[in-house]
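Chemist: generate coordinates for the sequence data below:
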Amino acid sequence: MAEEGLDNNKSIIVVGALAYDQIASTTKEFAHTGPGLNCKLATLEEHFGGCGGNIAFGITKHNLTAKLISVCGELDFHDYRTHIDSPYTDLQGVMTKFAVSCARAFVLSDPNGEQFTAFYPGPEVSEDSWEAHLTNQNLQQSQIMVCAPYPETLMLSSLKCMTEANPEALRIWCPGQYADSLNIPALQNFNNFWDVLIGNEHEINHLMALDPGLVSKKTVVVTAGSRPIKVYMAHGGTRTFPVPKLATPGIDPTGSGDAFIAGFACAISNHFDHENKGAWIGHVNEAVKSGVRNAQRCLEHLGSQNYLNGST
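Modeler: Here you go, the predicted model:
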């Protein structure tokens with residue numbers, strides 16, 4: 001729970017999963033086809049993860065409050081709670097489901113950095129229960145929401161509730177692995193409820209194929225690993241940001257996209273004007289650079305939540 005005295009108006013709501021990551025490596029090269037039917041592991045470690053947890057962790061590294069809204073399993077949440085709890089973490093929005101375990105991600109990397117990920121979503125919650133849970137949260141006190149990858153109905157409910165409760169807040173949507181399961185009607189359902197869309201090339205290309213005019217309506221941020229980041233501006237035009245090379249090779253890419261989102265959101269929060277929420281776009285260069293710094297810090301460590309302060 002966040003300490004009293006922290007500026008709630010500077011807090012960032014994060015909706016998304018908490019998970020335990022099983023991070024493994026293999027000497028077998030995937031060659032863009034995956035690990036195949038049989039693959040021997042060279043290493044195996046467990047780390048804290050889940051997109052919601054990763055983004056919240058990254059926000060707290062900037063000394064901003066992350067208000068986490070999630071659902072987790074009572075059987076094994078205790079260790080995660082102990083790990084993520086800090087003066088800058090608000091866990092009041094975490095719903096606990098009894099007699100089930102938290103989500104799990106199985107992340108397997110080959111020698112070239114290609115990854116295969118399998119995700120077990122953990123405890124399920126009905127749309128009605130999730131909406132009731134959201135209405136019990138203080139959505140009016142935060143100026144930014146980050147909606148991380150979550151089942152389609154939960155993402156839509158979260159963005160919709162935030163729009164209705166706090167229309168002047170900025171809503172950042174990161175559909176992640178759920179992006180390529182959306183069809184045209186589903187994407188149209190989301191379009192009135194987000195302000196900034198962040199995704200990798202595969203995810204954004206799929207969404208742009210569904211709606212070619214997507215990037216002309218709002219701000220869309222496209223990441224591409226070590227290649228330049230593209231930002232399609234809501235007012236028109238495109239900016240390209242090269243990604244600086246790491247001084248030393250990265251150790252583990254797991255969670256680096258979430259770290260980028262956290263750094264990006266924190267930079268926006270530092271310049272956010274509640275009376276003119278579009279004004280943040282004047283600081284987009286700083287936001288992208290902050291995101292890249294965060295992502296590269298994450299790359300330097302095994303696991304998604306082991307890097308240090310990201311405010312410098």
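Chemist: next, count neighbours for residue 144.
Modeler: By other Cβ atoms under 10 Å, 26 other residues sit near residue 144. (Each C-beta comes from the backbone N, C-alpha and C, glycine too.)
Chemist: ok, it to residue 156 distance?
Modeler: 18 Å (Cβ to Cβ, to the nearest Å).
Chemist: same for the one helix or strand in the chain whose mean pLDDT sits lowest, what does it pack against?
Modeler: Ranking every helix and strand in the chain by mean pLDDT, DSSP states H and E puts strand 115-120 at the bottom, with a mean of 88. If contacts are counted by 3 or more Cβ pairs under 8 Å, 6 or more residues apart in numbering; DSSP states H and E, strand 115-120 sits against strand 103-109.
Chemist: starting at the chain centroid, how far to the strand it packs on?
Modeler: Mean-position distance between strand 103-109 and its chain equals 16 Å (Cα atoms, centre = their mean, to the nearest Å).
Chemist: can you check stretch 83-96 too?
Modeler: Using Cα atoms, centre = their mean, the offset of stretch 83-96 from its chain centre is 16 Å.
Chemist: go on, stretch 131-144?
Modeler: Centroid separation for stretch 131-144 versus its chain: 18 Å, with Cα atoms, centre = their mean.
Chemist: dump it to PDB, keeping only the CA atoms.
Modeler: Output in PDB follows, covering the C-alpha atoms of stretch 131-144 (Å, rounded to 0.1, in the frame of the first residue of the first chain):
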ATOM      1  CA  GLU A 131     -16.500  -4.000 -13.600                       C
ATOM      2  CA  ALA A 132     -17.700  -4.100 -10.000                       C
ATOM      3  CA  HIS A 133     -14.100  -4.200  -8.900                       C
ATOM      4  CA  LEU A 134     -13.100  -1.200 -11.000                       C
ATOM      5  CA  THR A 135     -16.000   0.900  -9.700                       C
ATOM      6  CA  ASN A 136     -14.600   0.400  -6.200                       C
ATOM      7  CA  GLN A 137     -11.300   1.900  -7.200                       C
ATOM      8  CA  ASN A 138     -10.500   5.600  -6.900                       C
ATOM      9  CA  LEU A 139     -10.000   6.200 -10.600                       C
ATOM     10  CA  GLN A 140     -10.400  10.000 -10.300                       C
ATOM     11  CA  GLN A 141      -7.200  10.500  -8.400                       C
ATOM     12  CA  SER A 142      -4.800   9.400 -11.100                       C
ATOM     13  CA  GLN A 143      -3.900  11.300 -14.200                       C
ATOM     14  CA  ILE A 144      -2.700   8.400 -16.300                       C
END
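Chemist: would you mark the buried spots in it?
Modeler: For stretch 131-144, a neighbour-count test (16 or more other Cβ atoms under 10 Å) marks 131, 133, 134, 137, 139, 141, 142, 143, 144 as buried.
Chemist: again, but for stretch 226-243
Modeler: Under 16+ other Cβ under 10 Å, the buried positions of stretch 226-243 are 229, 230, 231, 232, 234, 241, 243.
Chemist: stretch 55-72 too?
Modeler: Within stretch 55-72, the residues that count as buried by 16+ other Cβ under 10 Å are 55-62, 64-72.
Chemist: for that stretch, list the C-alpha coordinates in PDB.
Modeler: Coordinates of each C-alpha in stretch 55-72 appear next as PDB, following Å, rounded to 0.1, in the frame of the first residue of the first chain:
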ATOM      1  CA  ILE A  55       5.200  -1.900 -15.600                       C
ATOM      2  CA  ALA A  56       4.200  -1.100 -12.000                       C
ATOM      3  CA  PHE A  57       7.800  -2.100 -10.900                       C
ATOM      4  CA  GLY A  58       9.300   0.200 -13.500                       C
ATOM      5  CA  ILE A  59       7.100   3.200 -12.500                       C
ATOM      6  CA  THR A  60       8.200   2.800  -8.800                       C
ATOM      7  CA  LYS A  61      11.900   3.000  -9.900                       C
ATOM      8  CA  HIS A  62      11.100   6.600 -11.000                       C
ATOM      9  CA  ASN A  63       9.700   7.300  -7.500                       C
ATOM     10  CA  LEU A  64       6.200   7.700  -8.800                       C
ATOM     11  CA  THR A  65       3.200   5.800  -7.300                       C
ATOM     12  CA  ALA A  66       1.900   2.800  -9.300                       C
ATOM     13  CA  LYS A  67      -1.700   1.900  -8.400                       C
ATOM     14  CA  LEU A  68      -1.900  -1.700  -9.500                       C
ATOM     15  CA  ILE A  69      -5.300  -3.200 -10.600                       C
ATOM     16  CA  SER A  70      -5.100  -6.900 -11.100                       C
ATOM     17  CA  VAL A  71      -6.400 -10.300 -10.200                       C
ATOM     18  CA  CYS A  72      -4.100 -12.900  -8.600                       C
END
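Chemist: hang on, residue 40 packs against residue 28?
Modeler: Yes: if you go by Cβ atoms under 8 Å, residue 40 and residue 28 touch, sitting 7.4 Å apart.
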